[in-house]
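Asker: got a predicted model here, sequence first, then my questions.
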Amino acid sequence: MNGRSLVPFALVVTALACGTFALHGCKSEEVRVANLEFREVDGGVSGFTCAEAKANLLAPATPPLAQRTMTRCGGNGRVTFVADLVSMAGGNPRCSPASIGEWCDSHDCSPVASSRVCLERDVFDATSAEAAMTAVSRELRALSGSIFTADAPDVSAIIRVVATTQTCDELKGKTRDPFDCTKLVGCTYSCPVSMGSLSGPVDMQLDLGLNIPALLRIYDQICLEGVYVCARTPFGTKELCTSREPPACTK
Amino acid sequence: MRGVHVRNTIVAATTSLAVGCAPSKPPVAAASVTVVVRGDDATAVAVKDAIRKDTTIPVELRVAEPPTAPGTDTTKSDSDAAEKSLAEAKKAYVDGSFAACMRLVDGDDTSTALLVDKKVALAARFAFWRVACRVGAGLGAEAEKEAARFAVSGYELPSDVGIASPDVETMLVRARQTVTAAASVTAEFVHPPFRGDVFVDGVRACTTPCSVDLRPGGHVFVFEAEGFAPEVRSVRVDKSAVGANAIRFAPALASPELASAQWARLYARSPLADGTASMRLLSRAVRAPRLAFVDVDGGEASRLRGALAESGAVTARGERTGTSARAGAELTVPLLRDLLVQGKVTEPAPKLWASPWFWATVTVVAAGVATGTYFLLRPPEQRTEVRF
């Protein structure tokens, strides 16, 4: 048996190896699916029911932020949902507003630019501020099933969905402070998660840390500032928005 | 200056590479080996076909037929001619034509030729009629001389003695008595290095080296050895010359035709056909300095025996046994390959690990296995899909 006679054997082995490779290539992908589950609160989706400002005796019922989606002269409004993966800058803080806020005040918790999804939706039948709030929540729920990201980067991050009246074109390319706080409609986010091992339902809410009943009295203010904190980019509690949108025109 | 140095270095490196890549030896013409196959017709034909069709053995294989006995017996015609001469001599004797009688039986050549052919009875009849014709012709002295030669040769009285005159028989008996009474003489026969048979006056006497006691007088010695032409000596053994009777034969090598005849007679059907003597004779017979002999036993289980001879000396022997009668042809080439390697005519197949192809194959296989293993064992690609 000389060496040349081994060549067919080698070719067969190589072909088998390539075949194995090809076969393995066909089944080599494992996809984990995570579904965002927007927590429901009284009146809509958590984070999308906050009111314009603190209620007081003069204005006992401030309109919800969702009214910003309504056109001043009537007709269907428009809302833009912006979903981001906000990196926790390598850290994995506890899932509480305070812990996340502290962490991100000292770290650069910026969105992963490649993961941003911007979706504009019409807000139908919003004849009142409450109706607008309901419509915004409805449009958010209507996104169920559509893909936010097909291949999330393997980072520790929170998933955040911001609703604003800014258009996608206005937001395009803005990774730092893209949101005009006077145009925010709502915001919700998840606990910090490791995207590389994420699967199953992901709880989305605007956690305001209101587990002390006394704080409920100042709910509106906290809720509004919660939206500002949530929507701040980079994520954090510093330099929150203080401006106010003029009252919406009601027809 | 630096450029020239670089150029020279490149030229030297290129030359070294070229020399290294070139064959280290000039091409050598393939060795030639003659193959003789012995066996029954069908098996032998299949074996010969296998040899002719083979392209794997790196020597030129030439198939030769095993020698067969000559078709015509030349000694038969010589005997017929001798019988005819004797018949005519007998007739001439009866007719009283003694001169013609002598002319027909005289001459040593015919007698010697008959003795070489071991036709002792015919030679004795020639000797007898030489005596009888001379007795008839009244040549007493010559008749006595021929009678003495007859007696020295030790011939028996032929049946023709009844036709001739009783004087002839009387003379021959007297001559025998005289010769028998004389002291015998020892003749020594030597033929180094091969042994051979010595025939004295047509009768086998001994095998060299040997000595024979002979009656003093003229004798015809014939020396026969395998691979040599018969050597004939007509010698007068004389008791007076002590030591002069040592006879050293120096026969000529047999011609291929004679060697063929000898092999056919001695070994064509002999189980010793692959022996040293047979191979030496066969080499000469088929004019092959390098000879392979394959003996095919096409029984229920084929058995092939082979021998390889280089210049007549056996350098390799081998045997292969198959499981069926048809396996003979398949066994032939492996047997020949064994013989040629064993006889150092061809190099043995290089060790597998010595071949660059082996290592190339091992490398490819190892790479293939490593690749396959990696892809088999590696964790699958994972991605996380997030949906609203």
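Answerer: Nice, I can see it.
Asker: C-alpha from now on. contacts and neighbour counts both.
Answerer: Will do.
Asker: what mean pLDDT does the strand or helix carrying residue A:37 get?
Answerer: Using DSSP states H and E, residue A:37 falls within strand A:29-38. Per-residue pLDDT over strand A:29-38 has a mean of 90.
Asker: for it, name the packing helices and strands.
Answerer: Helices and strands touching strand A:29-38, by 3 or more Cα pairs under 8 Å, 6 or more residues apart in numbering or on different chains; DSSP states H and E, are strand A:200-204, strand B:381-387.
Asker: low-confidence ranges in chain B?
Answerer: B:1-30, B:71-75, B:192, B:240-244, B:325-326 (pLDDT under 70).
Asker: excluding chain neighbours, what is closest to residue B:93?
Answerer: Among residues not flanking residue B:93 along the chain, residue B:101 sits closest, at 5.8 Å (Cα to Cα, 6 or more residues apart in numbering or on different chains).
Asker: sec struct for that neighbour, please.
Answerer: Under DSSP: H, G, I helix; E, B strand; the rest coil, residue B:101 falls in the helix class.
Asker: now it: how far from chain A?
Answerer: Distance, residue B:101 to chain A, by Cα to the nearest Cα, to the nearest Å: 79 Å.
Asker: which one, of the helices and strands packed on strand A:29-38, ends up nearest to residue B:173?
Answerer: Of all those, strand B:381-387 sits nearest to residue B:173, with 122.8 Å by Cα to Cα.
Asker: that closest one near chain A anywhere?
Answerer: Yes: against chain A, strand B:381-387 shows contacts by Cα under 8 Å from any Cα of the partner chain at B:381, B:382, B:383, B:384, B:385, B:386, B:387.
Asker: assumed residue B:314 was part of a strand.
Answerer: Yes: counting by three-state DSSP, residue B:314 is located in a strand.
Asker: pretty sure it sits against residue B:276.
Answerer: Yes: judged on Cα atoms under 8 Å, residue B:314 makes contact with residue B:276 at a distance of 5.9 Å.
Asker: who has more neighbours out of these two?
Answerer: With neighbours defined as other Cα atoms under 10 Å in any protein chain shown, residue B:314 and residue B:276 compare such that residue B:314 has more, 21 against 17.
Asker: separation between that one and residue B:282?
Answerer: To residue B:282, residue B:314 is 11 Å away according to Cα to Cα, to the nearest Å.
Asker: show me where the chain has helices.
Answerer: You didn't pick a chain, so chain A it is. A:6-26, A:97-106, A:129-141, A:168-171, A:219-231 (DSSP state H).
Asker: think we crossed wires, I meant chain B
Answerer: B:2-21, B:41-53, B:74-95, B:98-105, B:108-116, B:120-136, B:140-153, B:166-181, B:256-266, B:276-285, B:327-342, B:356-377.
Asker: please identify which of those helices is closest to residue A:232.
Answerer: With Cα to Cα as the measure, helix B:356-377 is the member of the helices of chain B nearest residue A:232 (44.4 Å).
Asker: now do the closest one: distance to the chain's middle.
Answerer: 57 Å (Cα atoms, centre = their mean, to the nearest Å).
Asker: tell me which residues in that helix are buried?
Answerer: For helix B:356-377, the neighbour count (16 or more other Cα atoms under 10 Å in any protein chain shown) marks B:357-358, B:360-362, B:364-365, B:368-369, B:371-372, B:375-376 as buried.
Asker: format those as TSV; extra columns: distance to chain A.
Answerer: Putting those into TSV (distance: Cα to the nearest Cα, whole Å) gives the following:
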residue	distance to chain A
B:357	5
B:358	5
B:360	9
B:361	6
B:362	8
B:364	6
B:365	5
B:368	5
B:369	6
B:371	7
B:372	5
B:375	6
B:376	7
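Asker: can you tell me which of those residues comes closest to residue B:300?
Answerer: Proximity of the buried residues of helix B:356-377 to residue B:300 (Cα to Cα) peaks at residue B:358, which lies at 39.6 Å.
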